[in-house]
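>>> Return a 3D structure for these sequence lines:
(one chain, ligands or ions: 1)
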Amino acid sequence: MAHLHIENLQVGYGNKLILKNINLAVEQGEMIALLGPSGCGKTTLLNALCGFIPVSQGDIFVANRAISKRPAEKRNITMVFQSYALWPHMTVAQNIGYGLKVQKMKHADITTRVTELLKIVKLEGLENDRVTALSGGQRQRVALARALAIRPDVLVLDEPLSNLDAKVRLSVRHEIKALQKQLGFTSLIVTHDQEEALVMADRIAVLNHGTIEQIGTPEDIYHRPKTPFVADFMGADNHLTWPIQNAAITLNINPTITQAEIYFRSENALVSTRPPATNVDVNPSNMGLLIEGPVEQSVFFGNNYQISVRCGTHTIQANHDQHLPEHTPVLLRVPTDALHIFATEAGNSAPQHSLSPLSNQ
Ligand SMILES: Nc1ncnc2c1ncn2[C@@H]1O[C@H](COP(=O)(O)OP(=O)(O)OP(=O)(O)O)[C@@H](O)[C@H]1O
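Prediction:
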């Protein structure tokens, strides 16, 4: 059994079921990111793990021990909160040692452990400062040190970086990742930032309406989404429902499809301004999805331009290195391996989750 094993977990508030049937196995030393839109149940899952809310059905095992009926303080799972939740009247060292004092550890041992943690989170010299005098990034490191002080079996982090400004956020996420590798703690981190999940996690679980839609490595989730929801959530910002009765949109793939939902990222739509007449041949450079149309809008995005191309009733987004004036005729080509194609049965108006991805990798 995995170090953290969640089996058929159901959790709700009153009569409202939030987590429907969660199964998750987290190996010792692994960091799993729970990724999903607001309200999908990420925090609820962390709260159920920590024992802050009861579970309706299913079980949670940590190191082969069933813990879902144990009170929060007997689970040895600690949470790092979005708001840090530090004691404002205490010093850095007192905050870090707080959990150890509650556990009635000897004063000398607390001092040793706190000194060790101050070094780990690079806050040496600040032990006697009030936490209110620290920056956001430093406070978050105190919160992390306090959580790690008691050597938890599982560390859970609820959007730990969301109160930090963009630059600090980038450095703190690398620090947490490096610490996780160095110390080997098992952790679950909640985020709704896909880039954060890709950078920090060993595996990502994508949640939607209280269920896990897909779990896999960052590469799997990014390149091989199993459902339209995951493709969309991971940044495939263009969506077409095939077939399309429009000669300006052609799909040259093998095998051919009759009916499908197609997703792709604007960064994978290659823009060319060559005349459409040269584009009709089906040769290797024309494989994939081809779309012809005029530029509707070109917006500067810093490192490139976001080009909107009008094609019948569709507006397709593409990235390009140059500004293109409105009405410029362009050809977009999305290579086959950048298309996420979810075949649907002919005449079947099945819900998205029952679509099957067509292997195109
Ligand atoms: N104490 C509560 N009582 C009743 N419903 C709740 C309670 N807390 C959360 N919910 C509901 O449970 C659902 C999931 O909430 P949760 O906070 O777990 O989502 P989340 O994925 O963490 O969202 P966010 O990214 O916005 O933090 C939401 O519909 C929310 O309204």
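
>>> what's the domain layout of this structure?
With automatic domain parsing as the criterion, the domains of the chain are listed as 4-224, 236-349.

>>> mind checking how far the shortest one is from the chain centre?
Okay, so that is domain 236-349. Its chain's C-alpha centre and that of domain 236-349 lie 26 Å apart, by C-alpha atoms, centre = their mean, to the nearest Å.

>>> Over to stretch 51-62?
Centre-to-centre, stretch 51-62 and its host chain are 23 Å apart (C-alpha atoms, centre = their mean).

>>> Give me the buried positions along it.
51, 53, 55, 58, 60-62 (16 or more other C-beta atoms under 10 Å). Backbone N, C-alpha and C define where each C-beta goes, glycine included.

>>> give me the element residue 117 is part of.
helix 107-120 (DSSP states H and E).

>>> Report the mean per-residue pLDDT for the helix or strand following that helix.
Downstream of helix 107-120, the first helix or strand assigned by DSSP H and E is helix 136-149. For helix 136-149, mean pLDDT rounds to 89.

>>> So which elements touch the lengthiest helix in the chain?
If you go by DSSP state H, the chain has its longest helix at helix 166-183. The contact analysis (3 or more C-beta pairs under 8 Å, 6 or more residues apart in numbering; DSSP states H and E) places helix 166-183 against helix 107-120, helix 136-149, helix 194-200.

>>> among those, which is nearest the ligand?
helix 194-200 (12.6 Å; C-beta to the nearest ligand atom).

>>> gap between the closest one and the chain center?
On C-alpha atoms, centre = their mean, the centre of helix 194-200 falls 6 Å from the chain's centre.

>>> Show residues contacting that helix.
For helix 194-200, the surrounding residues in contact (C-beta atoms under 8 Å, 6 or more residues apart in numbering) are 31, 33, 35, 161, 169, 173-174, 176-177, 180, 189, 191, 204, 218, 221-222, 233-235.

>>> give me the low-pLDDT residue ranges for the stretch 151-300 of the chain?
274-286 (pLDDT under 70).

>>> need the residues of it near the ligand, please.
Applying C-beta under 6 Å from any ligand atom, one finds that the stretch 151-300 of the chain approaches the ligand through residue 192.

>>> ok, now how distant is the residue of the stretch 151-300 of the chain found nearest the ligand from residue 312?
Across the stretch 151-300 of the chain, the shortest distance to the ligand (C-beta to the nearest ligand atom) belongs to residue 192, at 4.9 Å. Going from residue 192 to residue 312 by C-beta to C-beta, to the nearest Å gives 33 Å.

>>> Repeat that for residue 294.
Going from residue 294 to residue 312 by C-beta to C-beta gives 11 Å.

>>> who's residue 297 bridged to?
Residues in a beta bridge with residue 297, per DSSP bridges, are residue 308.

>>> you'd agree it is up against residue 308?
Yes - using C-beta atoms under 8 Å, residue 297 is in contact with residue 308, at 4.3 Å.

>>> Could you check which of these two has the larger neighbour count?
Between residue 297 and residue 308, residue 308 has the larger neighbour count (other C-beta atoms under 10 Å), namely 17 against 14.

>>> so what pLDDT did that one get?
pLDDT, residue 308: 97.

>>> Tell me which residues touch it, please.
295-299, 315-317.

>>> most surrounded residue in those?
Of those, with other C-beta under 10 Å as the count, residue 316 tops at 24 neighbours.

>>> I figured residue 295 hits residue 305, correct?
No - using C-beta under 8 Å, residue 295 is not in contact with residue 305, being 9.8 Å away.

>>> overlap in contacts of these two?
residue 324.

>>> which residues in the stretch 251-361 of the chain form strands?
260-264, 270-272, 288-300, 305-311, 314-320, 329-334, 340-343, 356-357 (DSSP state E, counting those that start in this stretch).

>>> That concludes my questions; thank you for your assistance.
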